[in-house]
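**Q** Sequence and predicted model, in that order:
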Amino acid sequence: MCLGIPGELVEVLPGPQHLAVAEIGGVRRAVDVGLLDPDELRPGAWVLVHVGFALAVIDEEEAASTLRMLEGSGSAYTDELIALAASHGGPGRPAAAGDAGGPATAGGPPKGAHRTRS
């Protein structure tokens, strides 16, 4: 089974590597956006991320619905967020403390899987 977790793009990185920074469950990660239409990539856009690759651009409503479904799956989703927070780097680059792939704070998964804009 392929699980895509919604992430919100916070920055599209310049250069030929096709990378962007996405916030996924409170953790900022570098993700490969090379499979997507560059015209759809901007801060605030939502994408489905699987193993470090953004597979599709989705709207905020679909992202929220998917996150609610994932949160309802219990420990499988929580375990995935813990693994995400504990992992380092992203596609094509190592993590550095404080950057998009840096370690998250200790203490388990972040409160709430997503945030809403006002």
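**A** Ah, there it is.
**Q** can you tell me which strand in the chain is longest?
**A** In the chain, with assignment by DSSP state E, the single longest strand is strand 5-12.
**Q** can you list contacts of the helix or strand that comes right after it?
**A** Downstream of strand 5-12, the next assigned helix or strand under DSSP states H and E is strand 19-24. With contact meaning CB atoms under 8 Å, 6 or more residues apart in numbering, strand 19-24 is reached by 5-13, 28-33, 41, 47, 49, 54, 84, 90-93, 100. For every residue, glycine as well, the C-beta is placed using N, CA and C.
**Q** report the angle between the axes of the helix or strand that strand 19-24 is followed by and strand 5-12?
**A** For strand 19-24, the following helix or strand on the C-terminal side (DSSP H and E) is strand 27-32. Calculated by axes from the mean of the first three to the mean of the last three CA atoms, to 10 degrees, strand 27-32 forms an angle of 80 degrees with strand 5-12.
**Q** Report the buried residues of strand 27-32.
**A** Using 16 or more other CB atoms under 10 Å as the burial criterion, the residues of strand 27-32 that qualify are 27-32.
**Q** what do you get for stretch 61-78?
**A** Within stretch 61-78, the residues scored as buried using 16+ other CB under 10 Å are 63-64, 66-67, 70, 77-78.
**Q** Please report the distance of residue 6 from residue 14.
**A** 24 Å (CB to CB, to the nearest Å).
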